[in-house]
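Participant: fold the stuff below for me.
(one chain, ligands or ions: 2)
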Amino acid sequence: MNQPLMISLDSLAQPIDFAALEAAAKSGGCASSSCGSSAKPDDMDADVWERIKDHPCYSEEAHHYFARMHVAVAPACNIQCHYCNRKYDCANESRPGVVSEKLTPDQARRKVIAVANEVPQLSVLGIAGPGDACYDWNKTRATFDEISKDIPDIKLCISTNGLALPDHVDELAAMNVDHVTITINMVDPEIGAKIYPWIFYQHRRWHGVEAARILHERQMLGLEMLTARGILTKINSVMIPGVNDEHLIEVNRWVKARGAFLHNVMPLISDPAHGTHYGLTGQRGPTAMELKALQDRLEGGAKLMRHCRQCRADAVGLLGEDRGQEFTLDQLPEAVAYDPAKRAAYREVVARERGDHVAAKQSAVAAVKDSAQEGGTLLVAVATKGGGRVNEHFGHAREFQVYEASAKGIVFVGHRKVDNYCMGGFGEDATLDGVIAALEGIAVVLCAKIGDCPQDMLTAAGITATDRYALDYIETAIGALYAATFGRAIEQAVA
Ligand code: SF4
Ligand code: SF4
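Facilitator: Ligands and ions are numbered 1, 2, ... in the order given. Next comes the predicted model:
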């Protein structure tokens, strides 16, 4: 088992002990023999890697260490999506568009500085609804202008439906916005008309296929303009069974041809309580396995993002956690001053831990590839609170990260939320039933600790759960599990 370094990142979800971080950063010593190991994929340009290596959404590896925050400053929107209702708010719910408070650019500035001073993992500031960052442009620009003066190294991101995007691409480039997400759910206006009832463009409303055609043309133009300026793009597509699920294969082809850096296929979240058209008309979202099956079919096309958490529009923290409630307006000081020390110290510590993690991961992946047998695929769910380790109690997990071990190595393939739809925590059989349902298709659950009762219930459902690999790096644990599994029964491997 790998021992955690002097400063473990197990506590990433907790308030950071700054004194310990600073001591580690200044110590100069490194427990690892692998400092300097790079997680840069072999087929990636060094310049691109430099731009994404601390971005939790653009690099799956970075999401173990770095955090994002969203500020809801641009509430106006120029289209209507059938999956959106901008009025809905639930503090416990994590899904796009949901927000507890909208901010002015000045309030956003105070909030970002307060978060940067307290959450040293912070690397990205995004404007991601509710509303459209390009349509409500003046507020987007004012917010980024203000914050980048105070925190020049923070990465600026926007999400947009694309309709107003072409009007602002040059300004985005001038403002050093290096990452742009466009939601593209169709490239066929006939399908688009089933997703978008109307758009507002050139001072009037458009409906039906005509509206979808305009939106499609503006999305493609915006994407091409961003690519031409070297801005990295991520395409979000909402998978809507029976509407655009098969069609997303075509979408993937189109966006790849136009230089998209990532394609993020996300499941529709639909519930009558959300008050959306789809929720009220019974349109279902895909199951976890349906989503995975589509993503698997898309492999080989535009590079996939599989670790998206469909965050709230005011999310703060590592992906999969939300510390937004610690930074509501009423808790912010009137005057704030940015102190870069914590973020700088944190980065030094991460650089060391990350080098060690990369070496461990490479070794585990190579071992799995070497020992893989025909049909030897293992789907593993991991309870983690960051740092790339098996370090979360089963009963505290709000999500599980899912990895597939096979002849391809050890690949992150998604996550399963278990607190979605306000499930409200474990302890009751009904809730555990929900967790078991969310773990559909999983063979083994790895966690730092698990009680006898949930372990027995998982076993009865055909899922093996173990804390045998507690605190190991995730890939190290899966590699050991894989080697032990093929040749013996899983139960023996974890005994
Ligand atoms: S573009 Fe965003 S804010 Fe506008 S309707 Fe669609 S999901 Fe809602
Ligand atoms: S919604 Fe997805 S892409 Fe956006 S911040 Fe969350 S994880 Fe990243």
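
Participant: got the residues of the stretch 301-450 of the chain near ligand 2?
Facilitator: Neighbours of ligand 2 within the stretch 301-450 of the chain, by CB under 6 Å from any ligand atom: 308-311, 319. Every C-beta, even on glycine, is put in place using the N, C-alpha and C of the backbone.

Participant: what do you get for the stretch 1-150 of the chain?
Facilitator: Residues of the stretch 1-150 of the chain lying close to ligand 2 (CB under 6 Å from any ligand atom) are 57, 68, 126, 128.

Participant: go again using 5 Å as the cut-off
Facilitator: The stretch 1-150 of the chain has residues 57, 68 near ligand 2, with proximity defined as CB under 5 Å from any ligand atom.

Participant: now whatever residue of the stretch 1-150 of the chain ends up closest to ligand 2: which helix or strand?
Facilitator: As assessed by CB to the nearest ligand atom, ligand 2 sits closest to residue 57 within the stretch 1-150 of the chain, at 3.3 Å. According to DSSP states H and E, residue 57 maps onto no helix or strand at all.

Participant: so it touches residue 319, yeah?
Facilitator: Yes: between residue 57 and residue 319 there is a contact under CB atoms under 8 Å: 7.3 Å.

Participant: okay, and the common contacts of these two?
Facilitator: Common neighbours of residue 57 and residue 319, using CB atoms under 8 Å, 6 or more residues apart in numbering, are 63, 68, 307-308.

Participant: out of the residues you listed, list just those in strands.
Facilitator: If you go by DSSP state E, these have residue 68 in strands.

Participant: between the shared contacts of residue 57 and residue 319, which is closest to ligand 1?
Facilitator: For the shared contacts of residue 57 and residue 319, the minimum distance to ligand 1 (CB to the nearest ligand atom) is 14.6 Å, reached by residue 308.

Participant: pLDDT value on the closest one, please?
Facilitator: The model reports residue 308 with a pLDDT of 87.

Participant: now do it against residue 126, distance only.
Facilitator: Spatial separation of residue 308 from residue 126 under the definition CB to CB, to the nearest Å is 12 Å.

Participant: same deal with residue 177?
Facilitator: In terms of CB to CB, residue 177 sits 10 Å off from residue 126.

Participant: so which of the two has more stuff around it?
Facilitator: With neighbours defined as other CB atoms under 10 Å, residue 177 and residue 126 compare such that residue 177 has more, 24 against 21.

Participant: from memory that one sits against residue 231, does it?
Facilitator: Yes: using CB under 8 Å, residue 177 is in contact with residue 231, at 7.0 Å.

Participant: residue 189 touches residue 213, doesn't it?
Facilitator: Yes: applying CB under 8 Å, one finds residue 189 in contact with residue 213, separated by 4.1 Å.

Participant: which residues are common contacts for those two?
Facilitator: Counting by CB under 8 Å, 6+ apart, no residue touches both residue 189 and residue 213.

Participant: all helices of the stretch 201-350 of the chain, in order?
Facilitator: Assigned by DSSP state H, counting those that start in this stretch, the stretch 201-350 of the chain shows helices spanning 208-228, 248-257, 277-281, 288-298, 341-371.

Participant: the fourth one packs against which elements?
Facilitator: In this case it means helix 288-298. Applying 3 or more CB pairs under 8 Å, 6 or more residues apart in numbering; DSSP states H and E, one finds that helix 288-298 contacts strand 232-239, helix 248-257, strand 262-267, strand 409-417.

Participant: OK, contacts around the residue nearest to the spatial centre of the chain?
Facilitator: For the chain, the residue nearest the mean C-alpha position is residue 308 (2.9 Å; CA atoms, centre = their mean). Residues near residue 308 by CB under 8 Å, 6+ apart: 57, 236, 264, 266, 319.

Participant: so can I have a markdown table of those showing neighbour count and pLDDT?
Facilitator: Converted to a markdown table, the contacts of residue 308 look like this (neighbours: other CB atoms under 10 Å; pLDDT from 0 to 100):
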| residue | neighbour count | pLDDT |
| --- | --- | --- |
| 57 | 25 | 91 |
| 236 | 22 | 95 |
| 264 | 22 | 95 |
| 266 | 19 | 93 |
| 319 | 24 | 86 |
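
Participant: which residue comes closest to residue 254 once chain neighbours are left out?
Facilitator: Leaving out its chain neighbours, the residue that sits closest to residue 254 by CB to CB, 6 or more residues apart in numbering is residue 187, at 4.7 Å.

Participant: ok, that neighbour to ligand 1 distance?
Facilitator: Distance check for residue 187 against ligand 1: by CB to the nearest ligand atom, to the nearest Å, it reads 17 Å.

Participant: also residue 362?
Facilitator: Per CB to the nearest ligand atom, residue 362 is found 39 Å from ligand 1.

Participant: residue 64 now?
Facilitator: 28 Å.

Participant: wait, doesn't that residue sit right on residue 387?
Facilitator: Yes: in this structure, residue 64 is within contact of residue 387 by CB under 8 Å, at 6.0 Å.

Participant: for residue 275, which non-adjacent residue is spatially closest?
Facilitator: Excluding the flanking residues, the one nearest residue 275 by CB to CB, 6+ apart is residue 85, at 4.4 Å.

Participant: neighbours around residue 366, how many?
Facilitator: A total of 13 residues lie near residue 366 under the criterion other CB under 10 Å.

Participant: do you know the pLDDT at it?
Facilitator: Per-residue confidence (pLDDT) for residue 366: 89.

Participant: got it, and the one 10 residues further on?
Facilitator: Residue 376 is assigned 82 on the pLDDT scale.

Participant: how about residue 459?
Facilitator: 95.

Participant: isn't it right up against residue 465?
Facilitator: Yes: counting by CB under 8 Å, residue 459 touches residue 465, with 7.4 Å between them.

Participant: who's more crowded, those two?
Facilitator: residue 465 (23 against 12).

Participant: list the helices and strands the helix or strand containing that one packs on?
Facilitator: Secondary structure assigned from DSSP H and E places residue 465 in strand 464-466. Here strand 464-466 is seen to pack against strand 444-446, helix 452-460 when contacts are counted using 3+ CB pairs under 8 Å, 6+ apart.

Participant: Serialize those to JSON lines and add fields for distance to residue 288.
Facilitator: Shown next, in JSON lines, are the helices and strands packed on strand 464-466 (distance: least, CB to CB, whole Å):
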{"stretch": "strand 444-446", "distance to residue 288": "14"}
{"stretch": "helix 452-460", "distance to residue 288": "16"}
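
Participant: most packed of the ones you listed?
Facilitator: Across those, averaging neighbours per residue (mean count of other CB atoms under 10 Å) puts strand 444-446 on top, at a mean of 26.

Participant: direction included, what does that one pair against?
Facilitator: Paired strands of strand 444-446, with direction, are strand 378-382 (parallel), strand 464-466 (parallel) (DSSP bridges).

Participant: whichever strand or helix holds residue 158 packs against which elements?
Facilitator: Per DSSP H and E, residue 158 falls inside strand 155-160. For strand 155-160, the packing partners by 3+ CB pairs under 8 Å, 6+ apart come out as strand 122-127, helix 137-150, strand 179-183.

Participant: what lies in contact with the helix or strand just after that strand?
Facilitator: Using DSSP H and E, the helix or strand that follows strand 155-160 in sequence is helix 169-174. For helix 169-174, the external contacting residues (CB under 8 Å, 6+ apart) are 141, 158, 180, 222, 225-226, 229, 231.
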